[in-house]
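**Q** Predicted coordinates and the sequence they were generated for:
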Amino acid sequence: MIPAEIQDNSPRFQSFFVEESNEGGKVNLDLLDEVCDHACINSKAKRRVELKHKTKMKPWQFKVVNLVMRKAHPYQLENKLSPKWIGPFRVVEVLGN
């Protein structure tokens, strides 16, 4: 609680009991390991999904004759229903891989 609540005798201060607060803190400490395990499982699942997605992605080599779309910058969007891609553009030069 913030000091202003303690000085003004707010409803929250009047309904505050130290014993109940301590019990709630102990319960939270007991559940801490469970919450950490759940977070670890979620992160491992996310890594598995990411790895599966990356293995299905095929590398793409652009050629000079390809048509491509470019993602629109936020200032190019008139409203939220505007197309998110601009183009098509023809590839003029291939740089690197």
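**A** That came through, no problem.

**Q** So which residues of the chain form strands?
**A** Along the chain, counting by DSSP state E, strands occupy 67-71, 85-90.

**Q** would you turn those strands into CSV with distance to Met57?
**A** Yep, even glycine has a C-beta here, placed from its N, CA and C like the rest. Formatted as CSV, those follow (distance: least, C-beta to C-beta, whole Å):
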stretch, distance to Met57
strand 67-71, 17
strand 85-90, 19
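
**Q** Kindly reformat the ones you listed as a markdown table containing mean neighbour count and mean pLDDT.
**A** Putting the strands of the chain into a markdown table (neighbours: other C-beta atoms under 10 Å; pLDDT from 0 to 100) gives the following:
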| stretch | mean neighbour count | mean pLDDT |
| --- | --- | --- |
| strand 67-71 | 11 | 94 |
| strand 85-90 | 11 | 94 |
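
**Q** Against Leu32, how distant is the residue nearest the centre of the chain?
**A** What sits nearest the mean C-alpha location of the chain, by C-alpha atoms, centre = their mean, is Lys46, with 11.7 Å. The gap separating Lys46 from Leu32 is 21 Å, by C-beta to C-beta, to the nearest Å.

**Q** Break the chain down into its structural domains.
**A** Domains of the chain are assigned by automatic domain parsing as 1-57, 58-97.

**Q** among those domains, where is the model least confident on average?
**A** Lowest mean pLDDT within those: domain 1-57, a mean of 80.

**Q** Any idea how far that one is from the middle of the chain?
**A** 18 Å (C-alpha atoms, centre = their mean, to the nearest Å).

**Q** swap in stretch 75-94?
**A** Centroid separation between stretch 75-94 and its chain, computed with C-alpha atoms, centre = their mean, is 25 Å.
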